[in-house]
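A.B. asks: Okay, sequence plus prediction incoming.
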Amino acid sequence: MGVLASAAAHQPPSESARQAIGYPTLFLLVALGSLVPVVPTGALVSGAAVVAFHRTEPVGLAVVFAVASLAAFLGDVALYWLGFRGVRSRNGSRWLHRLQQRVDAGTLAQAERRLAEHGAAVLAVSRLIPAGRLPVMVACLLAEMPLRRFARVDMAACLAWAAAYQVIGVLGGSLFPEPWQGVALAVGLTAAIAAGPAVVRHVRKAPDEHGEPAEEAGR
């Protein structure tokens with residue numbers, strides 16, 4: 001707390017005000033994105049890292065990392081808890097049903113197979129794989145992984161995730177003199193990473209010249 005107060009004291013009032021608004025906003029949006037997977041949380045973290053790289057002392061990057069990883073962790077644990085209630089309930093729950101609807105059967109079967117083969121290590125890296133978090137989470141729910149075990153492993157996953165997207169932001173920020181340029185690059189990179197799995201699935205399902213899906217034609 002003393003370090004943060006000292007850093008804020010040496011900054012213009014406008015800069016301190018931006019941080020007072022920005023950090024809580026980052027926390028809320030990342031937590032919300034973990035609960036409702038429609039917010040581009042990776043882009044948020046990368047963009048915040050760009051701004052921190054340009055406008056604050058190094059402590060700003062540390063705060064972005066701490067806020068993002070904590071928010072992601074709390075969002076994941078809350079979503080898992082809500083889904084776990086459905087696993088234990090005879091009638092399930094709307095949260096569990098929504099999670100299952102967001103994951104196609106083939107991807108879920110693959111996640112369940114990898115979870116059975118490699119255990120919690122799959123969960124630890126799930127956030128680093130584009131579109132990998134929800135399938136692995138659903139697989140953990142269906143396997144009835146205890147909440148405490150999920151939370152322990154998910155903390156490592158969230159720390160790795162926050163670090164990875166912060167590195168993207170720092171790299172983007174270091175290439176350009178203006179923060180908005182770095183933010184644009186970071187957002188573009190994170191969008192490309194997020195879109196990767198969908199593009200791969202589309203290519204695999206695209207019919208070849210004989211009208212058969214590419215993945216079946218290659219068999």
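C.D. replies: Now that the structure is in, tell me what you want to look at. Just so you know, these numbers come straight off a predicted model, no measurement behind them.

A.B. asks: Now do the buried residues in the lengthiest helix in the chain.
C.D. replies: Longest helix in the chain by number of residues (criterion: DSSP state H): helix 58-88. Across helix 58-88, burial judged by 16 or more other CB atoms under 10 Å covers 60-61, 63-65, 67-77, 79-80, 82-84, 86-87. Heads up, the C-betas are built off the backbone N, CA and C, glycines and all.

A.B. asks: low pLDDT regions in the protein?
C.D. replies: Within the chain, the segments meeting pLDDT under 70 span 1-21, 56-57, 88-93, 176-183, 185-219.

A.B. asks: so what's Ala151 up against?
C.D. replies: The contact partners of Ala151, by CB atoms under 8 Å, 6 or more residues apart in numbering, come to 73, 77, 80.

A.B. asks: relative to helix 58-88, how tilted is whichever helix or strand it is part of?
C.D. replies: Per DSSP states H and E, Ala151 falls inside helix 147-175. Here helix 147-175 points in a direction 150 degrees away from that of helix 58-88 (axes from the mean of the first three to the mean of the last three CA atoms, to 10 degrees).

A.B. asks: how close does Ala109 get to Gly132?
C.D. replies: With distances taken as CB to CB, to the nearest Å, Ala109 is found 14 Å from Gly132.

A.B. asks: Who has more neighbours out of these two?
C.D. replies: The residue with more neighbours, out of Ala109 and Gly132, is Gly132; 19 against 13, by other CB atoms under 10 Å.
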